[in-house]
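Visitor: coordinates for the following, if possible.
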Amino acid sequence: MPGLKQTIIRGGLESLYFTGAHIALRRLVAGVGAILTLHHVRPRRPGRFQPNHLLEVTPDFLARVVKDLRRSGIDIVSLDEMHRRLTESDFARRFVCLTFDDGYRDTLQWAYPILKAAGAPFAVYVPTSFPDRLGELWWLVLEAVIARNDWIGLVIDGRDRKFECRTPAEKNALFEELYWWLRARATEEELRGVVRNLAAVYHVDIAAFCKDLCMSWSELAQLAVDPLVTIGAHTVNHPILSKLSADAVRAEMDLSRSVIEAALAVRPEHLSYPYGDRSSAGAREFEIAAALGFKTAVTTRPGMLFAEHNHCLTALPRISLNGDFQRLRYVRVLLSGSATAMWNGFRRVEAA
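Guide: The predicted structure is shown next:
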């Protein structure tokens, strides 16, 4: 199923590009700018089982995207400048913001040198439990459990289930099934509990992922002192906010901001919702972020920025630079607004 979905998306992007439809639609649907979402920037890894590959792009691809944006006359701006342009209706030039979720070490190692050399501002949204080495990157734990075993046992809906996962195809299918089954658990604690049990049974060190992959506070401090870099909040524990009480949501947002300020002497004014899709963050979360005084907050709902987003600054859409679609022509289609307009039924704003 994941392969079929990718094929359909790729076919849609190719059709929009090679028919020229993205150019024809651009005037109507491109909006005033866009926010790009990235996670990992690192060299391509070997292996056919990489279910989280969509979250990573290569350094070469990032460099080519930045160069193409410059060549296209699109401004690369900070989140503060984006906020100013939206609130002051300054749309003389189209703009793009570059944002990195989760604070992975490869942002410092691979992305930062590219963006520093280009003079391109960017933002890093930090879940504070990651540099505190207390975070649980459960989607990577799930990948590791499946990668290292030919059979996985799990209790699902009260029944003992056993899954064969010998081949890459079986492993990819199982990851997809279990990932979305976990996402559908009623509470965040239930989700985390299942993953902790899997890690214990199959000898996967949960804590190692933070230590190995995420920046420490000292590494984040190296970025924070650069005027090109905006440090944003991304909650404390990277939970699915929709599964928490309103008080817990408020605490996750507010405490993360305070922890970052204490560690880096920078008080975040911008927020990214973990996961960020419609099932993870909605009107309640948008209202809480606004009440806490965040200037902007971003989702992962696909879409361009329009002047109307001035009225819902804590419900901003983004465009994902997806590791499965590393072609400049795909980025050009996405930044034309044509693909996301069709995806959204030509609705400009989704803030509910």
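Visitor: poorly predicted segments of the chain, please.
Guide: The model of the chain has pLDDT under 70 over residues 1-2.
Visitor: okay, now the domains of it?
Guide: Residue ranges for the domains of the chain, per automatic domain parsing: 2-131+216-343, 138-207.
Visitor: please identify the deepest-packed of those domains.
Guide: Comparing the domains of the chain by mean neighbour count (mean count of other C-beta atoms under 10 Å), domain 2-131+216-343 ranks first with a mean of 19. For glycine as for every other residue, the C-beta is placed from the backbone atoms N, C-alpha and C.
Visitor: wait, what's in contact with Gly11?
Guide: With C-beta atoms under 8 Å, 6 or more residues apart in numbering as the criterion, no residue contacts Gly11.
Visitor: wait, is it part of a helix?
Guide: Yes: checked against DSSP: H, G, I helix; E, B strand; the rest coil, Gly11 lies within a helix.
Visitor: that older thread, got the domains of the chain as CSV, with distance to Ala351 columns?
Guide: Shown next, in CSV, are the domains of the chain (distance: least, C-beta to C-beta, whole Å):
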stretch, distance to Ala351
domain 2-131+216-343, 4
domain 138-207, 22
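Visitor: tell me which of those domains sits nearest to Ala352.
Guide: Nearest of the domains of the chain to Ala352, taken as C-beta to C-beta: domain 2-131+216-343 at 5.2 Å.
Visitor: follow-up on the earlier one: so which of the domains of the chain is nearest Glu350?
Guide: With C-beta to C-beta, the closest approach to Glu350 among those belongs to domain 2-131+216-343: 5.6 Å.
Visitor: chain center to the closest one, what's the gap?
Guide: In terms of C-alpha atoms, centre = their mean, to the nearest Å, the centre of domain 2-131+216-343 is found 6 Å from the chain centre.
Visitor: which strands and helices sit next to the longest helix along the chain?
Guide: What stands out as the longest helix in the chain, according to DSSP state H, is helix 246-264. Under the contact criterion of 3 or more C-beta pairs under 8 Å, 6 or more residues apart in numbering; DSSP states H and E, helix 246-264 touches helix 217-224, strand 229-233, helix 283-291.
Visitor: show me what it is in contact with.
Guide: With contacts defined as C-beta under 8 Å, 6+ apart, helix 246-264 is touched by 126-128, 131-132, 217, 220-221, 224, 231, 233-237, 239, 241, 244, 266-268, 271, 284-285, 288-289, 292, 294.
Visitor: what angle separates it from helix 217-224?
Guide: Here the directions of helix 246-264 and helix 217-224 differ by 80 degrees (axes from the mean of the first three to the mean of the last three C-alpha atoms, to 10 degrees).
Visitor: make CSV out of the helices and strands packed on helix 246-264 and add distance to Leu16.
Guide: Below are the helices and strands packed on helix 246-264 laid out as CSV (distance: least, C-beta to C-beta, whole Å):
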stretch, distance to Leu16
helix 217-224, 35
strand 229-233, 31
helix 283-291, 30
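Visitor: much appreciated, bye for now.
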